[in-house]
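J.: Just the structure for this:
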Amino acid sequence: MPNIEDEDVGEPVGRASLFVYLTTRLSAEYRAIMDLFTGPLLADLSAAEVTLQLAERGVGLSVDEVTERCERLQSWGNLVRGVRDARVPTVRDFLRSRSRYQASKLGGRVHRDAEAVLAAGEGAQEVARELLGATVQVLDRILDRLCAPDPAPDALAGDVTTIFNNQRLFNESVRDFYAYLNAVLSRYDLAGDEYRQFKELLLEYIDLITADVSRHAPAITVRCDRILPQLDRVLSILSRLPTLIMPDGTPADRMPGRARADWEQLHAWYSGGDGRSGPETLRAAADQALRQLLTNAKRMLAAAGTGVSRRADLLKLAGWFDQAGTEDAHRLYAAAFGVFPARHLFGGPEEPSPRDGVNTSWWDATPIDVPMSLRDRGDRQARGKSAAVPDPGLDEERLLRLAEEEATARRMAADELVAAAVLDGARVSPAARDLLLAMLGSLLAKHQELSAMVIESDSDLELEITAWAEPGTRTRVIAPDGTVIVHDLALRARRSPEAHAGEEGRTA
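T.: Below you'll find the predicted structure:
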């Protein structure tokens, strides 16, 4: 038998440890033990008694193994130690009898809820819609009791508890029903008789639920409006009932309906006081379910019209696989899907990627682009209209505008450099500084050794940059985002002579 201490279960913090026993590899044994403690009221059992009762249920565990499991359940918070003394013949039995266990409050609740979930069916659950009409009747009874000068607290408490239990059960049944709808409607293989039966269920039952909610919700809202002004009196009458006080002086958890917030939430659920009301939410969920149903119908009609629905063929193929042996299943798979051993063979036109060789698996090879029509509909027929040829005029205008803006910015940068003339200590914009660096880089690339004065010109900008060597000097060009320092070189900017000649000619 494996040691329980070797289980890889981790140690969750706080109340999360109450759920650990449901996920271990010995969960069946833990559940059987918890069944014994949560079945009768105030079950107080020792490890030996648990062993005997498990043996009657067909679970064979020794006393030592049961003791280990009960200790682990105690460490997780599912069990607590019992305190009952026992008369036994031996010291060993006395020590074992003192190790008695009981289910903790939260441990018992977790186990009961978990067993209810595991025992729940996969199908749809009926919505407790009849509780809406019963809620209206109980609210009328509460209003009648409030008309009396001194209502009976016990009778009023019973009606209040009934109201909130009905609301809780109705909400839970609605959530379960729509969760089932969502699980079924999301299935892509919903078709045929199954779809028809589900459609009838959906159309008839959802309409029935919506009608009941629409009929009873306004009546419940009106009665809650009449009770809320008298709520202080209702709560004071309920407070006269005996309540449980814990040893530390704090009150025990009270039943719903004993606080103002409970009634306000009930009223808001039907009236929509804090946003969308419960009836509006149900109608929206019904509309969404019907839209999904129509979407499935369109998909089935489209598949039937194009003739590519392979549902029946795939079901038949699945039956063949179920009956085939190993060798026949491999042959059937290769014949049905055209999948052969993972070998990549050269041949035909030029391969798109030379890295795919004869020893490259299909899993690692470069994927092949499959047209959408072939991938989705099984044919190569082109669908839709050809796209219109775009008008290049707008792009040309945009590009011309960008080019003009760039040329204007460069001319303004050139004007800054010309205005500065001697560039040592000049303060220019970042654009002028970048233009200077570009022309200086071109100048130094052409003239590796500056034995004389050299000039770099830009005819488009009518700009000349003159440079000559001056050992020991530094030319500083200052811009808002940084300073450029050129060592052993003097720089000057001016208009090119061609620009002056052009201006003089225009003046003459």
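J.: how would you label residue 489: helix, strand or coil?
T.: Classification of residue 489 into helix, strand or coil gives strand, according to DSSP: H, G, I helix; E, B strand; the rest coil.
J.: Now do the same contact list for it.
T.: If a contact means CB atoms under 8 Å, 6 or more residues apart in numbering, then residue 489 has 450, 467, 468, 469, 470, 473, 475 as its contacts. Where C-beta positions appear, they are placed from N, C-alpha and C, glycine not excepted.
J.: In a strand, the fifth one, correct?
T.: Going back to what we said before, that points to residue 470. Yes - under three-state DSSP, residue 470 sits within a strand.
J.: That one against residue 492, yeah?
T.: No - contact between residue 470 and residue 492 fails when scored by CB atoms under 8 Å: they sit 11.7 Å apart.
J.: Do I have it right that residue 414 meets residue 463?
T.: Yes - at 4.4 Å, residue 414 and residue 463 qualify as touching, with contact defined as CB under 8 Å.
J.: per-residue confidence at residue 383?
T.: pLDDT, residue 383: 68.
J.: do the same with residue 339
T.: With respect to pLDDT, residue 339 has a value of 63.
J.: and if you look at residue 123?
T.: Residue 123 is assigned a pLDDT of 63 by the prediction.
J.: repeat for the one 10 residues further on
T.: Residue 133 carries a pLDDT value of 85.
J.: that older thread, the more surrounded of residue 470 and residue 492?
T.: residue 492 (18 against 14; other CB atoms under 10 Å).
J.: In this structure the more buried one contacts residue 423, no?
T.: Yes - in terms of CB under 8 Å, residue 492 counts as a neighbour of residue 423; the distance is 6.4 Å.
J.: So, low pLDDT: which residues of the stretch 1-150 of the chain?
T.: In the predicted model of the stretch 1-150 of the chain, residues 1-13, 41-42, 83-98, 121-125 satisfy pLDDT under 70.
J.: Going along the chain, name the helices of it.
T.: Applying DSSP state H, counting those that start in this stretch to the stretch 1-150 of the chain gives helices spanning 27-38, 47-56, 63-76, 91-98, 105-119, 130-147.
J.: Also the stretch 401-508 of the chain?
T.: For the stretch 401-508 of the chain, helices defined by DSSP H, counting those that start in this stretch occupy the ranges 430-446, 497-507.
J.: and which of the contacts of residue 489 is nearest to residue 418?
T.: Using CB to CB, the shortest approach to residue 418 within these belongs to residue 467, at 15.6 Å.
J.: so how many other residues sit close to residue 132?
T.: Using other CB under 10 Å as the criterion, residue 132 is surrounded by 21 other residues.
J.: so which strand or helix has the residue lying closest to it once chain neighbours are set aside?
T.: Take residue 132 and drop its neighbours on the chain: the residue closest to it by CB to CB, 6 or more residues apart in numbering is residue 216, 3.9 Å away. Mapping residue 216 onto the secondary structure by DSSP states H and E places it in helix 192-227.
J.: and that helix, how far from the chain's centre?
T.: 29 Å (CA atoms, centre = their mean, to the nearest Å).
J.: After it, which helix or strand is next?
T.: As the chain continues past helix 192-227, the following element, by DSSP H and E, is helix 231-238.
J.: just how off-centre is that following helix within its chain?
T.: Using CA atoms, centre = their mean, the offset of helix 231-238 from its chain centre is 43 Å.
J.: In the helix holding residue 216, which of the residues would be classed as buried?
T.: By neighbour count, with 16 or more other CB atoms under 10 Å as the criterion, the buried positions of helix 192-227 are 195, 198, 202, 205-206, 209-210, 212-213, 216-217, 219-221, 223-224, 227.
J.: What of stretch 407-424?
T.: Quick answer for stretch 407-424 (16+ other CB under 10 Å): 410, 413, 414, 415, 416, 417, 418, 420, 423, 424.
J.: Among those, which one sits closest to residue 372?
T.: The closest of these to residue 372 turns out to be residue 410 (CB to CB; 47.2 Å).
J.: you'd agree the closest one is up against residue 462?
T.: No - the criterion here is CB under 8 Å, and residue 410 misses it with residue 462 at 11.2 Å.
J.: Low-confidence stretches in the stretch 301-450 of the chain?
T.: Using pLDDT under 70, the flagged stretches of the stretch 301-450 of the chain are 301-310, 339-359, 375-387.
J.: do that again at 80, thanks
T.: Low-confidence regions of the stretch 301-450 of the chain, defined by pLDDT under 80, span residues 301-313, 337-392, 448-450.
J.: Show me where it has its strands.
T.: Counting by DSSP state E, counting those that start in this stretch, the stretch 301-450 of the chain forms strands over residues 426-427, given from the N-terminal end onward.
J.: and residue 62, what are its phi and psi?
T.: Main-chain dihedrals, residue 62, degrees, to the nearest 10: phi -80, psi 170.
J.: Tell me how many other residues crowd it.
T.: A count of neighbours around residue 62, defined by other CB under 10 Å, yields 11.
J.: Excluding chain neighbours, what is closest to residue 15?
T.: For residue 15, the nearest residue in space outside its immediate sequence neighbours is residue 106; the separation is 6.5 Å by CB to CB, 6+ apart.
J.: what's the burial count for the one you found?
T.: Residue 106 has 12 neighbouring residues, counting by other CB under 10 Å.
J.: before we move on, back to that, of the contacts of residue 489, which one scores lowest on pLDDT?
T.: The lowest pLDDT within these belongs to residue 450, which sits at 78.
J.: Provide a list of residues in contact with it.
T.: The contact partners of residue 450, taken as CB under 8 Å, 6+ apart, are 467, 468, 469, 489.
J.: who's the second one bridged to?
T.: For residue 468, the beta-bridge partners are residue 490 (DSSP bridges).
J.: Across the sheet, point out what pairs with the nearest residue to residue 443 once chain neighbours are set aside.
T.: Using CB to CB, 6+ apart and skipping the chain neighbours, the partner closest in space to residue 443 is residue 456 (3.8 Å). Beta bridges link residue 456 to residue 465 when assigned by DSSP bridges.
J.: hang on, residue 456 packs against residue 439?
T.: Yes - under the criterion of CB under 8 Å, residue 456 is in contact with residue 439, at a separation of 4.9 Å.
J.: shared neighbours, the two?
T.: Residues touching both residue 456 and residue 439 by CB under 8 Å, 6+ apart: residue 465.
J.: Which parts of the protein belong to which domain?
T.: Here the domain assignment for the chain is 4-119, 130-243+254-293, 409-507, based on automatic domain parsing.
J.: Quick one: those as JSON lines, columns for distance to residue 312 too.
T.: Putting the domains of the chain into JSON lines (distance: least, CB to CB, whole Å) gives the following:
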{"stretch": "domain 4-119", "distance to residue 312": "35"}
{"stretch": "domain 130-243+254-293", "distance to residue 312": "9"}
{"stretch": "domain 409-507", "distance to residue 312": "69"}
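J.: Those domains: which one's closest to residue 398?
T.: Nearest to residue 398 among the domains of the chain is domain 409-507 (16.7 Å), distances taken as CB to CB.
J.: Tell me how far the closest one lies from the chain's centre.
T.: If you compare the mean C-alpha spot of domain 409-507 with that of the full chain, they lie 60 Å apart, counting by CA atoms, centre = their mean.
J.: my read: residue 237 touches residue 153, true?
T.: Yes - counting by CB under 8 Å, a contact exists between residue 237 and residue 153, whose distance comes to 5.3 Å.
J.: Those two: which has the busier surroundings?
T.: Set residue 237 next to residue 153 and count neighbours by other CB under 10 Å: residue 237 wins out with 18 against 15.
J.: contacting residues for the more buried one?
T.: For residue 237, the residues meeting the contact criterion (CB under 8 Å, 6+ apart) are 151, 153, 156.
J.: again, only using 10 Å
T.: Shown here is residue 237, whose contacts under the criterion CB atoms under 10 Å, 6 or more residues apart in numbering are 145, 146, 150, 151, 152, 153, 156, 157, 160.
J.: Out of the residues you listed, who's the most crowded?
T.: If you rank the contacts of residue 237 by neighbour count (other CB under 10 Å), residue 160 sits at the top with 23 neighbours.
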